[in-house]
Each structure stands twice: as structure tokens, then as C-alpha cells.
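Engineer: Using only what follows, build the 3D model:
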Amino acid sequence: MWLKVEGFKDLIRSWWQGMLVRGRASYKLATKPKVIKQNLKIWNREVFESLESNKLVALQQVEYWDQVESERRLTEEETSIKKEVKEGYAKWVNLERIHWRQLSRELWLREGDRNTGYFHCMENAHQMRNTMDRIKVNGIWLSEEQEVRTGIENAFKQLLKEDSEWNADIGGLSLNQISQQEVDTLELPFMEDEIHSALMDMNGDKTPSLDGFTVAFWQCC
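Structural biologist: Down below sits the predicted model:
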């Protein structure tokens, strides 16, 4: 949704270039997005607030000018204002649709499809599926938060503890080996063009990485 806002890339560029972070390039790349994320949260709250309320305000303006036009002929200036108001309403409707589509994770429908209600229902369904009010550990149902935490922790400790009676041994296996030339090729440094091409070929709608940014964000910015 943010990527559709005019001037978004310039905003990101100004934040990125305005930060002074000392250290290796990898450290800078890990640190700067954390700061940008905080800036984006504030910017999102100030610019968007509530999509639904912004859309309703824009709709009221459209209805106002429709009412005026029904009573008299609009001047050239008023006609221009009405056009801008309608475009503003269309913008908020489109942003809301994109917002709910992303939350629904339904990627088989195109971004422009008018299915905001469907996306809304799918998002609610995801939230219901992602909620657990109890869990069974070793045949016992646990519902209290602390009981669930302790039960899961103990279950994985039991599952992952090392068995002193048996250890994997691959010493006797005959494994295929790659040639020294293939080793050298694998260790060649990546070229910037290769990294950029791999990034741009990815699906922008896939799950965000650990930093919370989607592939579409990196492709755009």
C-alpha cells in the first residue's frame, strides 16, 4: 500500500542517506532498516491513520459536490475540485483494497480485483487459525499460558536431548566429491548484477523476511 504513495521512494532515500552508521557494510544494512521501520510506523500513523475513516471523509466530499451539482451548474473551478475529490476517494478505496489483500495472503487474486470484503473475511479466518486456546502435551490438555510454555519447553527438551546409546557415523560412507574447479567456482564472489537480478525476479508478495520488510519493498526501494 505504501509503495503506491507518491514520493514514498524519495522519503525512504532521505531517511537512508540521512543516517550515519559506522561499521562494515553488512552491519549498516542490518542497522538502517531498524531505524527506517520506526520512522515508517510514525509516518504510517500520521498519513494513513484509519483507512476506513479516510475513505468515508473522501466519500462525504464526493457526495457534497454531487448534491451541489444536482442543485445548480458547477463553475469551472468547482468542476476541477470535484474531479480531485473523486480521484482522492478512488485512491483511498484502492489503498484499502491493497491493504486487505496483503493481510489476507490470497495471492491468486490480482491486486486490482474488487474483493475487499472477501480479503477481510480471509484475514479474520487467518487470525482464528493462528490462535490456540489449549494444547495437548503427553496426553494432557494444557490451557494456562505458563502451563503451555512449560509443557512445550519440556516436550522439546525430551525430543531433542542427545541419546548416549547411539550416534550417527558417516565415516564408512563413500560420498561423491566435486572437482577443485567447481569448488573455486562456488567460492567466487557474487556480482552486484547477479544479486540485483535475483532480487527483481522474486515474487514481491511472498512472506516478509525477519526484518519485516516484504520483497516488494526492497524491489521498489
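Engineer: gap between residue 3 and residue 215?
Structural biologist: As for residue 3, its distance to residue 215 is 11 Å (criterion: CB to CB, to the nearest Å). Yep, even glycine has a C-beta here, placed from its N, CA and C like the rest.
Engineer: Lowest-scoring secondary structure element of the protein by mean pLDDT?
Structural biologist: Ranked by mean pLDDT, DSSP states H and E, the weakest helix or strand in the chain is helix 116-129, scoring a mean of 59.
Engineer: what packs against whichever strand or helix holds residue 63?
Structural biologist: Element membership of residue 63 [criterion: DSSP states H and E] is helix 51-71. Helices and strands touching helix 51-71, by 3 or more CB pairs under 8 Å, 6 or more residues apart in numbering; DSSP states H and E, are helix 76-104.
Engineer: If we go by neighbour counts, what in the helix it packs on is buried?
Structural biologist: 82, 85-86, 88-89, 91-102, 104 (16 or more other CB atoms under 10 Å).
Engineer: ditto for stretch 150-168
Structural biologist: Buried-residue list, stretch 150-168, by 16+ other CB under 10 Å: residue 151.
Engineer: Report the separation between the residue nearest to residue 136 when sequence neighbours are not counted and residue 157.
Structural biologist: Distance criterion CB to CB, 6 or more residues apart in numbering; nearest residue to residue 136, sequence neighbours excluded, is residue 142 at 7.5 Å. Distance of residue 142 to residue 157, computed by CB to CB: 16 Å.
Engineer: Which secondary structure state does residue 133 sit in?
Structural biologist: When the structure is reduced to helix, strand and coil (DSSP: H, G, I helix; E, B strand; the rest coil), residue 133 reads as coil.
Engineer: try residue 23
Structural biologist: Using three-state DSSP, the three-state assignment for residue 23 comes out as coil.
Engineer: Repeat that for residue 209.
Structural biologist: Reducing the assignment to helix, strand or coil with three-state DSSP, the entry for residue 209 is coil.
Engineer: show me the contacts for it.
Structural biologist: If you count contacts by CB atoms under 8 Å, 6 or more residues apart in numbering, residue 209 has them with residue 215.
Engineer: So it versus residue 216, what's the distance?
Structural biologist: The gap separating residue 209 from residue 216 is 12 Å, by CB to CB.
Engineer: And for residue 62?
Structural biologist: Residue 62 sits 30 Å away from residue 216, going by CB to CB.
Engineer: which phi and psi does residue 188 have?
Structural biologist: phi -70, psi 140 (degrees, to the nearest 10).
Engineer: what about it, how many neighbours?
Structural biologist: Taking other CB atoms under 10 Å as the neighbour definition, residue 188 ends up with a count of 7.
Engineer: care to break this structure down by domain?
Structural biologist: 2-131, 132-159 (automatic domain parsing).
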